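> Kindly return the folded structure for what I paste below:
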Amino acid sequence: MLYTQARNYSAIAMYKKLGYTFVPGTKDFEKEIHILKDLAKRKG
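Numbers count the residues shown, from 1 in each chain. Next up is the predicted model:
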C-alpha cells in the first residue's frame, strides 16, 4: 500500500516538474484528480 501511495505522489511531483500546473478546470488538474482518485481506489 505504501509503495502505491508513494508512486502516485511521485507521479504528481513528476507532472509538476514537467511544467504542468494544476489549476481547477484545466486538463492538467483533471489528470491530478484522476491520479488521486486512483490512489483512493487502491487504498480500499
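
> Now residue 16: which helix or strand?
For residue 16, the element it lies in under DSSP states H and E is helix 2-17.

> For that helix, what does the pLDDT average out to?
Mean pLDDT, helix 2-17: 69.

> Make 38 the first number, not 1, from now on.
Noted, 38 is the first residue going forward, which turns the last one into helix 39-54.

> Okay, buried residues for the helix or strand that comes right after that helix please.
Counting by DSSP H and E, the next helix or strand C-terminal to helix 39-54 is helix 64-80. Neighbour-count burial for helix 64-80, counted by 16 or more other CB atoms under 10 Å, picks out 65, 69, 72, 76. Using the backbone N, CA and C atoms, a C-beta is placed for each residue, glycine as well.

> So what touches stretch 49-58?
Identification of contacts with stretch 49-58 by CB atoms under 8 Å, 6 or more residues apart in numbering yields 59, 65, 68, 69, 72, 73.

> Report the buried residues of that stretch.
Across stretch 49-58, burial judged by 16+ other CB under 10 Å covers 49, 52, 57.

> from those residues, which is closest to residue 80?
residue 49 (15.5 Å; CB to CB).

> if I pick residue 68, what's in contact with it?
52, 57, 59.

> Now render the buried residues of helix 64-80 as JSON lines, adding pLDDT.
Shown next, in JSON lines, are those (pLDDT from 0 to 100):
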{"residue": "65", "pLDDT": "81"}
{"residue": "69", "pLDDT": "83"}
{"residue": "72", "pLDDT": "83"}
{"residue": "76", "pLDDT": "80"}
